[in-house]
Structures are given as C-alpha cells and as structure tokens.
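In: Prediction below, plus the sequence it came from.
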Amino acid sequence: MPGYASKAKSGLDAELPKLETWENQFPGYTITVVDPEYNAICPKTGLPDFGSVTIQYEPDKRCLELKSFKMYMTAYRDVGIFYENAVNRILRDLTAACDPVWMNVTGEFRARGGIATKVEARYKRRALP
C-alpha cells in the first residue's frame, strides 16, 4: 500500500521516559499490569489510536516501578507508531529494564473502520548453557 514503507519504523526510536525498577523480594510469582488508557498517533493518518495494554511477567531480580511505567506509557500519546510496533517496543523496553524470567505484552486496540486489533508479543529468557 502506498505510503506505508516510509512509516513502517515510525516510533521505534522515539525518546520515552526512563523505566525504573525496584529489587524483587520473592521468586516464582506473576505480576499483571493493565493500562486501559493507551493512546498514540497513527503515523499514516495522524489520527489517535486508543486501546488497552496488558503486561504479565515473572520478575527475577527487578520489578517494574509503576509510576515510571505510567509516565512511559503516557508518553506514547505524542508518538506516531503502529500497533504492532508499539506492542513489540513496549516488550523490548520493559524486558531491558527489568530482565524478567518471561513477559507477555498484549495490546487490544479499539475498532477503527469496524476492525478491532489484538497484538501479542512474548519474551522468555534463554537458559544458560
């Protein structure tokens, strides 16, 4: 489709607030964080996108600090980024910040033109040899 090639990587390198972490005290549990107010800008149309982003992860040594997470997610409102890129970038940034055992990021985006979209990305730390 014309015009998408130049937008494909939009938002992947946008500067966003730093994600902070804190020291985990317990092994073997799951944390679920839901941001029901995700919004960003479609890089093709310039129109706002809205949705809910759910993060599930098993922390290892570090947990995500929620205020910094909220600031990070709120910053997307000024970023032109496709749904797929947003979900994968969120996964990339969060795993880099807290190095979890595993993490899943799911974005459920509101219908536009009658089509709703759900994007899921997964990370599982590789076992050391």
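Out: That came through fine.
In: List the contacts of the residue nearest the centre of the chain.
Out: Central residue of the chain (CA atoms, centre = their mean): I90, 2.5 Å from the mean position. By CB atoms under 8 Å, 6 or more residues apart in numbering, the contact set of I90 is V53, I55, M73, V105, G107, A121. Yep, even glycine has a C-beta here, placed from its N, CA and C like the rest.
In: how about it, phi and psi?
Out: Main-chain dihedrals, I90, degrees, to the nearest 10: phi -60, psi -50.
In: quick one: low-confidence parts of the protein?
Out: 1-3, 128-129 (pLDDT under 70).
In: Show me the helices in the protein, by range?
Out: 66-74, 83-98 (DSSP state H).
In: residues of the last one that come out buried?
Out: The neighbour-count check on helix 83-98 (16 or more other CB atoms under 10 Å) flags Y83, N85, A86, V87, N88, R89, I90, L91, L94, T95, A97, C98 as buried.
In: Now find how far off-centre that helix is within its chain.
Out: 4 Å (CA atoms, centre = their mean, to the nearest Å).
In: correct me, but V105 touches T95?
Out: No. Contact criterion CB atoms under 8 Å: V105 and T95 do not qualify, at 9.2 Å.
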